[in-house]
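Student: Fold the stuff below for me.
(one chain, ligands or ions: 1)
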Amino acid sequence: MTQGTNPFESLQSQIDDAAAYLDVEDDVIERLKHPERVLETNLTVEMDDGSLERFKAFRSQFNGDRGPYKGGIRYHPQVSRDEVKALSGWMTYKTATVDIPLGGGKGGIIIDPAEYSESELERITRAFAKELRPLIGEDRDVPAPDVNTGQREMNWIKDTYETLENTTEPGVITGKNLASGGSEGRVEATGRSTVIAAREAFDYLDKDLEGATVAVQGYGNAGWIAAKLIDEMGATVVAASDSSGGIYNPDGFDPVAAKNHKNETGSVVGYEESEEEITNEDVLTMDVDLLIPAALENAIDADLAEDVQADVISEAANGPLTPDADAVLEDKDVFVIPDILANAGGVTVSYFEWVQNRQRFYWSEERVNEELEDHIVDAFDSLVETIEEHDIANPRTATYVVAIQRVADSFEEAGSFP
Ligand code: GLU
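Tutor: Residues are numbered from 1 along each chain as shown. As a prediction, the model looks like this:
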């Protein structure tokens, strides 16, 4: 992983690449390269032993031209101001790519949650929710889960917000569990869109998904669900990894059993169907038809990209390729379905959750999945149209062309205040 690549600079260069094809004024593009505002706050929280500990936390509201800011909150030691800014920008173009009426935001706390007890994490989360309270709301800014956060944290944030506001407003946050107003299908949604997008790409490239080999880097919520669903579509998952290492079986293995092994032992490593233990890097450079990077940003830099052998990459993670790596893969004719389309299922079903919360009327899982399928297929069709219309070789650039145009249209139609 390239610690040196600043994700915010990656975002800005991705926007510049697309701007070259757009008829949008430079000053509007400049607006679309920076967050509208960033909250930086220090949370001082009591630990179980009575001591106090300080945690730095951020919330970046990148763009609200198309609707309330929308995006997750991550807990990770590598969280930084620039990372949160980049992730909030990617959310802006993600919601525009799938054409849902939301903007982009992102938050994070610099923390390794594995080092804290559940009650400490609850106090830390509620302290952050108190800081976020004036900024968020179902019509202002709607957070969601991201790396190392899930239903538990979302439920705490919702409860803190509703208590302080003396109201009932489940749509203030998405990714809640069902009992707290969550949506069917939300947990699976990121992995689901990753494989729907891969299926569309294989179809576009006239490649057969049946029997195709797949490697998955990262076996968290997005990665393991993608592995399970692609296996159900007839592909063969041959390799997977997590932060402890990787597993490989040339004949494929059962992705659900591998996940059960991870649940029991903390890692996929040691899973009995694996024939060989491999490294994270081996997974990324394996000779497979489809590679799914599902961990953190900057997983593949230009050097590693030289060794990538997959024909198609579907980005379940946000920002897994550096811009240099993207250029190398473009030269090698690897079809990269960008994060802002491939993993957009998460925020799309968050949107459905928000709609259901506002209507107090809840959908079946079947309806959620059908609507999700429509949004991802439409986004992929727009990508193909743009590739063909502008003769763009890089699918990421084509996706940004569509997304930036949508955000710019909405800004230009509304004008600016003051
Ligand atoms: N954290 C997810 C993402 O990066 C989901 C965001 C959301 O549901 O708002 O897309």
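
Student: near the ligand, which residues of the stretch 1-150 of the chain?
Tutor: Taking C-beta under 6 Å from any ligand atom as the contact definition, the stretch 1-150 of the chain meets the ligand at Lys70, Gly71, Gly72, Lys94, Ala144, Pro145, Asp146. The C-beta positions use only the backbone N, C-alpha and C, and glycine is treated the same way.

Student: same check, this time on the stretch 251-400 of the chain
Tutor: The interface of the stretch 251-400 of the chain toward the ligand, taken as C-beta under 6 Å from any ligand atom, is made up of Asn318, Asn343, Gly346, Val347, Ser350.

Student: Which members of those residues are positioned in helices?
Tutor: The members of those that map onto helices under DSSP state H are Gly346, Val347, Ser350.

Student: list the contacts for the second one?
Tutor: What it means is Val347. Counting by C-beta atoms under 8 Å, 6 or more residues apart in numbering, Val347 makes contact with Lys70, Gly71, Met91, Lys94, Thr95, Val98, Ile100, Leu102, Ala144.

Student: Try it again at 7 Å.
Tutor: When contacts are counted by C-beta atoms under 7 Å, 6 or more residues apart in numbering, Val347 is found next to Lys70, Met91, Lys94, Thr95.

Student: What of Ser314?
Tutor: With the criterion set at C-beta under 7 Å, 6+ apart, Ser314 makes contact with Thr194, Ala197, Ala198, Leu290, Ile292, Ile337, Ala342.

Student: could you measure the closest residue to the third one other than its chain neighbours against the ligand, distance?
Tutor: Meaning Ala198. Take Ala198 and drop its neighbours on the chain: the residue closest to it by C-beta to C-beta, 6 or more residues apart in numbering is Ser314, 4.2 Å away. Taking C-beta to the nearest ligand atom, to the nearest Å as the measure, Ser314 and the ligand are separated by 14 Å.

Student: Just grab the bridge partners of Ser314 for me.
Tutor: Ile337 (DSSP bridges).

Student: what does the model give it for pLDDT?
Tutor: At Ser314, the model reports a pLDDT of 98.

Student: Which neighbouring elements make contact with the strand or helix carrying Thr397?
Tutor: With elements taken from DSSP states H and E, the one containing Thr397 is helix 395-414. If you count contacts as 3 or more C-beta pairs under 7 Å, 6 or more residues apart in numbering; DSSP states H and E, helix 395-414 packs onto helix 7-19, helix 26-31, helix 81-97, strand 335-337, helix 339-342, helix 365-390.

Student: can you give me how far the third one is from the chain middle?
Tutor: Translated: helix 81-97. Relative to the chain's own centre, helix 81-97 is displaced by 9 Å; criterion: C-alpha atoms, centre = their mean, to the nearest Å.

Student: strand partners of the following helix or strand past that helix, parallel vs antiparallel please.
Tutor: Once the chain leaves helix 81-97, the next helix or strand it forms, by DSSP H and E, is strand 104-110. Using DSSP bridges, the strands paired with strand 104-110 are strand 52-63 (antiparallel), strand 69-76 (parallel).

Student: Hey, what's the angle from strand 104-110 to helix 395-414? Just curious.
Tutor: Orientation note: strand 104-110 sits at an angle of 120 degrees relative to helix 395-414 (axes from the mean of the first three to the mean of the last three C-alpha atoms, to 10 degrees).

Student: on that earlier part again, out of the contacts of Val347, which is nearest to Leu132?
Tutor: For Leu132, the nearest member of the contacts of Val347 is Lys70. The distance, counting by C-beta to C-beta, is 13.6 Å.

Student: For that closest one, list each beta-bridge partner.
Tutor: On DSSP bridges, the residues paired with Lys70 through beta bridges are Val142.

Student: Next, work out how far apart the closest residue to Asn155 other than its chain neighbours and the ligand are.
Tutor: Ranked by C-beta to C-beta, 6+ apart and with sequence neighbours excluded, the top spatial neighbour of Asn155 is Ser180, at 4.6 Å. For Ser180, the distance to the ligand under the criterion C-beta to the nearest ligand atom works out to 15 Å.

Student: ok, how many other residues are close to Ser180?
Tutor: Neighbours of Ser180 under the rule other C-beta atoms under 10 Å: 16.

Student: Next up, the contacts around it.
Tutor: By C-beta under 7 Å, 6+ apart, Ser180 lies in contact with Asn155, Lys158, Pro170.

Student: could you redo the last one with a cut-off of 8 Å?
Tutor: If a contact means C-beta under 8 Å, 6+ apart, then Ser180 has Gln151, Met154, Asn155, Lys158, Asp159, Pro170 as its contacts.

Student: after the strand or helix carrying the second one, next one along is what?
Tutor: Right, Met154. Taking DSSP H and E as the criterion, the element that holds Met154 is helix 151-165. In the C-terminal direction, the helix or strand that comes right after helix 151-165 (DSSP H and E) is helix 189-204.

Student: Give me the number of neighbouring residues for Arg367.
Tutor: Per other C-beta under 10 Å, the neighbour tally for Arg367 reads 13.
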